[in-house]
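**Student:** okay, predicted coordinates and the sequence, questions at the end:
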Amino acid sequence: MNQNQLPATTRIAAILQSDGALQLTANEAASMACMSAPSMRRKLRREGTSWQELYDQAWIQRVHSINNKRMEGGGLALPGKSIAHLVGYSVNAFYRCYYRITGELYRTYRRRMRAEMENMQGLEFMDEQIRERRQLAA
């Protein structure tokens, strides 16, 4: 299928998934999708979305994927100032943007992730204890 035949939502979402795309303006993204900015806005509206909604989805996916990769390695979610730097935002702008998109403070998200991580580690510890007891009983 030709790139221009894909829905505008698909084309713009794909552009926003590329590295450095979170610094793009709507005009730059439209140009990369081979359309004008007004045409992009019109097509996205017709498809039931907007540039801002797609941008916000890509932004929050990027923030969470950075933290997920770190947590898979056994680490905790990064502090907001570190994430802000990685996504090209000032610290305050990052916190405001995170709250605007999710309705949750970033520190609340970090605490929840820490609790989930501790819970998972606690379950693994309990599993180890059960295995040890079974081995001793055998």
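**Tutor:** Good, I have the coordinates. Residues are numbered from 1 along each chain as shown.

**Student:** any stretches of the chain with poor pLDDT?
**Tutor:** Counting by pLDDT under 70, the ranges of the chain that qualify are 1-4, 121-133, 138.

**Student:** let's see it at 80
**Tutor:** Low-confidence segments of the chain, defined by pLDDT under 80, span residues 1-5, 19-22, 70-77, 117-138.

**Student:** where do the strands sit along it?
**Tutor:** Remark: strands of the chain are absent; assignment by DSSP state E.

**Student:** show me what contacts the residue at minimal distance from the centre of it?
**Tutor:** For the chain, Q61 is the residue whose C-alpha lies nearest the centre (CA atoms, centre = their mean; 1.6 Å). Counting by CB atoms under 8 Å, 6 or more residues apart in numbering, Q61 touches Q17. To be clear about C-beta, it is placed using only N, CA and C from the backbone, and glycine gets the same treatment.

**Student:** now do P38
**Tutor:** Contacts of P38 by CB under 8 Å, 6+ apart: none found.

**Student:** one more time with 10 Å, if that's ok
**Tutor:** By CB atoms under 10 Å, 6 or more residues apart in numbering, the residues touching P38 are 26-27, 30.

**Student:** who wins on neighbours among those?
**Tutor:** Within the contacts of P38, most neighbours by other CB atoms under 10 Å means A30, with 24 neighbours.
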